[in-house]
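J.: no sequence for this one, just the structure:
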(Lines give C-alpha, C1' and ligand atoms only; values in the text may rest on other atoms or scores of the structure.)
Protein backbone atom coordinates (compact mmCIF):
# COMPACT_ATOMS: atom_id res chain seq x y z
CA UNK A 1 0.00 0.00 0.00
CA UNK A 2 1.29 3.43 -0.93
CA UNK A 3 0.71 6.00 1.80
CA UNK A 4 0.89 9.76 1.50
CA UNK A 5 3.10 11.02 4.34
CA UNK A 6 2.89 14.40 5.96
CA UNK A 7 4.72 15.70 9.02
CA UNK A 8 3.55 18.82 10.83
CA UNK A 9 4.28 20.59 14.06
CA UNK A 10 1.28 20.61 16.41
CA UNK A 11 0.49 24.27 15.74
CA UNK A 12 0.18 23.56 12.00
CA UNK A 13 -2.24 20.62 12.25
CA UNK A 14 -5.70 21.21 10.86
CA UNK A 15 -8.69 20.50 13.06
CA UNK A 16 -9.49 17.50 10.86
CA UNK A 17 -5.95 16.10 11.18
CA UNK A 18 -5.96 16.54 14.95
CA UNK A 19 -9.34 14.80 15.20
CA UNK A 20 -8.11 11.89 13.05
CA UNK A 21 -4.99 11.55 15.22
CA UNK A 22 -6.89 11.55 18.51
CA UNK A 23 -9.51 9.16 17.13
CA UNK A 24 -6.93 6.64 15.89
CA UNK A 25 -4.96 6.82 19.14
CA UNK A 26 -8.15 6.25 21.15
CA UNK A 27 -9.31 3.44 18.86
CA UNK A 28 -6.11 1.48 19.40
CA UNK A 29 -4.69 2.48 22.79
CA UNK A 30 -7.94 2.85 24.73
CA UNK A 31 -10.51 0.62 23.00
CA UNK A 32 -8.48 -2.16 21.34
CA UNK A 33 -5.85 -2.46 24.10
CA UNK A 34 -8.45 -1.84 26.82
CA UNK A 35 -6.15 0.66 28.48
CA UNK A 36 -7.58 3.53 30.47
CA UNK A 37 -5.06 6.39 30.47
CA UNK A 38 -4.90 10.11 29.78
CA UNK A 39 -3.67 10.26 26.17
CA UNK A 40 -3.77 14.07 26.04
CA UNK A 41 -0.63 14.49 28.16
CA UNK A 42 0.41 18.04 27.18
CA UNK A 43 3.40 16.74 25.20
CA UNK A 44 1.69 16.87 21.79
CA UNK A 45 2.06 20.65 21.62
CA UNK A 46 5.88 20.43 21.58
CA UNK A 47 6.00 17.70 18.93
CA UNK A 48 5.85 17.02 15.24
CA UNK A 49 3.19 14.59 14.09
CA UNK A 50 3.84 12.13 11.27
CA UNK A 51 0.73 10.95 9.46
CA UNK A 52 0.36 8.34 6.73
CA UNK A 53 -2.86 8.65 4.75
CA UNK A 54 -4.55 6.32 2.30
CA UNK A 55 -6.61 8.94 0.49
CA UNK A 56 -8.55 10.51 3.40
CA UNK A 57 -8.06 7.70 5.97
CA UNK A 58 -5.35 8.10 8.60
CA UNK A 59 -3.64 4.70 8.46
CA UNK A 60 -0.43 5.21 10.45
CA UNK A 61 0.79 7.81 12.93
CA UNK A 62 3.66 8.68 15.27
CA UNK A 63 4.48 11.56 17.56
CA UNK A 64 8.06 12.81 17.08
CA UNK A 65 9.32 14.20 20.36
CA UNK A 66 12.25 16.65 20.44
CA UNK A 67 15.22 15.93 22.74
CA UNK A 68 14.70 17.02 26.34
CA UNK A 69 10.92 16.54 26.48
CA UNK A 70 10.34 12.87 27.35
CA UNK A 71 13.98 11.76 27.41
CA UNK A 72 17.34 13.46 27.00
CA UNK A 73 17.27 11.94 23.51
CA UNK A 74 14.70 12.56 20.81
CA UNK A 75 11.88 10.04 20.81
CA UNK A 76 9.21 8.40 18.69
CA UNK A 77 5.98 7.82 20.55
CA UNK A 78 2.29 7.02 20.16
CA UNK A 79 3.19 4.59 17.36
CA UNK A 80 -0.13 3.46 15.94
CA UNK A 81 -1.42 1.65 12.88
CA UNK A 82 -5.12 1.43 12.00
CA UNK A 83 -6.56 -2.05 12.65
CA UNK A 84 -8.38 -1.82 9.31
CA UNK A 85 -5.08 -1.56 7.39
CA UNK A 86 -2.82 -3.96 9.32
CA UNK A 87 -0.80 -6.63 7.57
CA UNK A 88 0.20 -4.60 4.52
CA UNK A 89 3.56 -3.16 5.65
CA UNK A 90 2.24 0.18 6.88
CA UNK A 91 3.82 -0.35 10.34
CA UNK A 92 7.29 -0.93 8.89
CA UNK A 93 6.93 2.03 6.55
CA UNK A 94 5.76 4.16 9.50
CA UNK A 95 8.80 3.34 11.63
CA UNK A 96 11.29 3.93 8.81
CA UNK A 97 9.61 7.22 7.92
CA UNK A 98 9.60 8.21 11.62
CA UNK A 99 13.33 7.55 11.99
CA UNK A 100 14.08 9.52 8.82
CA UNK A 101 11.91 12.43 9.97
CA UNK A 102 13.58 12.48 13.41
CA UNK A 103 16.99 12.75 11.78
CA UNK A 104 15.73 15.47 9.44
CA UNK A 105 14.10 17.50 12.23
CA UNK A 106 16.53 17.02 15.11
CA UNK A 107 19.79 15.84 13.54
CA UNK A 108 21.53 12.48 13.61
CA UNK A 109 21.33 11.68 17.30
CA UNK A 110 20.23 8.65 19.32
CA UNK A 111 16.48 7.92 19.43
CA UNK A 112 14.96 6.51 22.62
CA UNK A 113 11.53 4.87 22.82
CA UNK A 114 9.26 3.25 25.36
CA UNK A 115 8.16 0.08 23.58
CA UNK A 116 5.51 -2.47 24.35
CA UNK A 117 7.45 -5.63 25.16
CA UNK A 118 5.69 -7.78 22.55
CA UNK A 119 7.03 -5.44 19.83
CA UNK A 120 10.69 -5.82 20.86
CA UNK A 121 11.72 -7.81 17.76
CA UNK A 122 9.90 -5.35 15.49
CA UNK A 123 11.88 -2.41 16.91
CA UNK A 124 15.12 -4.43 16.90
CA UNK A 125 14.71 -4.79 13.13
CA UNK A 126 15.24 -1.00 12.94
CA UNK A 127 18.38 -1.05 15.11
CA UNK A 128 16.82 -0.36 18.51
CA UNK A 129 18.28 -2.24 21.50
CA UNK A 130 16.76 -2.78 24.92
CA UNK A 131 18.20 -0.43 27.55
CA UNK A 132 15.95 -1.03 30.58
CA UNK A 133 14.29 -3.73 32.57
CA UNK A 134 10.65 -4.58 31.86
CA UNK A 135 8.25 -2.14 33.50
CA UNK A 136 4.48 -1.86 33.70
CA UNK A 137 2.82 1.08 31.99
CA UNK A 138 -0.96 1.18 32.20
CA UNK A 139 -1.14 -2.59 32.65
CA UNK A 140 1.08 -3.41 29.64
CA UNK A 141 4.71 -4.63 29.85
CA UNK A 142 7.11 -2.11 28.33
CA UNK A 143 10.85 -1.68 27.85
CA UNK A 144 12.97 1.32 26.96
CA UNK A 145 14.96 0.94 23.75
CA UNK A 146 17.57 3.10 22.07
CA UNK A 147 18.83 3.42 18.52
CA UNK A 148 22.30 4.90 18.29
CA UNK A 149 22.94 7.44 15.57
CA UNK A 150 24.65 5.93 12.53
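T.: Now that the structure is in, tell me what you want to look at. Here the structure is a predicted model, which means the values were calculated and not measured. Numbering: from 1, shown residues only.

J.: Got phi/psi on residue 126?
T.: The phi/psi pair for residue 126 (degrees, to the nearest 10) reads phi -100, psi 10.

J.: Need the pLDDT of the residue nearest to residue 136 when sequence neighbours are not counted.
T.: Leaving aside its sequence neighbours, residue 136 sits nearest to residue 142 (Cβ to Cβ, 6 or more residues apart in numbering; 7.3 Å). Any C-beta I mention is one placed from the backbone N, CA and C, and that applies to glycine too. On the pLDDT scale, residue 142 is placed at 94.

J.: Show the contacting residues for residue 142.
T.: Applying Cβ atoms under 8 Å, 6 or more residues apart in numbering, we find residue 142 in contact with 114-117, 134-136.

J.: most neighbours, which of these?
T.: residue 115 (22 neighbours; other Cβ atoms under 10 Å).

J.: so that one sits right up against residue 145, yeah?
T.: Yes: taking contacts as Cβ atoms under 8 Å, residue 115 lies within contact range of residue 145: 5.1 Å.

J.: Need the overlap of contacts for these two.
T.: 123, 128.

J.: Next, format the contacts of residue 142 as a markdown table and append distance to residue 126 and secondary structure.
T.: As requested, these are exported to a markdown table (distance: Cβ to Cβ, whole Å; DSSP: H, G, I helix; E, B strand; the rest coil):
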| residue | distance to residue 126 | secondary structure |
| --- | --- | --- |
| 114 | 15 | strand |
| 115 | 11 | strand |
| 116 | 15 | strand |
| 117 | 16 | helix |
| 134 | 20 | coil |
| 135 | 21 | strand |
| 136 | 24 | strand |
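
J.: Helix or strand with the lowest mean pLDDT in the protein?
T.: Using mean pLDDT, DSSP states H and E, strand 135-137 stands out as the lowest-scoring helix or strand of the chain, at a mean of 91.

J.: Tell me the strands beside it, with direction?
T.: strand 140-147 (antiparallel) (DSSP bridges).

J.: where does the strand it pairs with sit relative to the chain's centre, distance-wise?
T.: Taking Cα atoms, centre = their mean, to the nearest Å, one finds strand 140-147 lying 13 Å from the centre of the chain it belongs to.

J.: List the buried residues for it?
T.: Of all the residues in strand 140-147, those buried under the rule 16 or more other Cβ atoms under 10 Å are 142-147.
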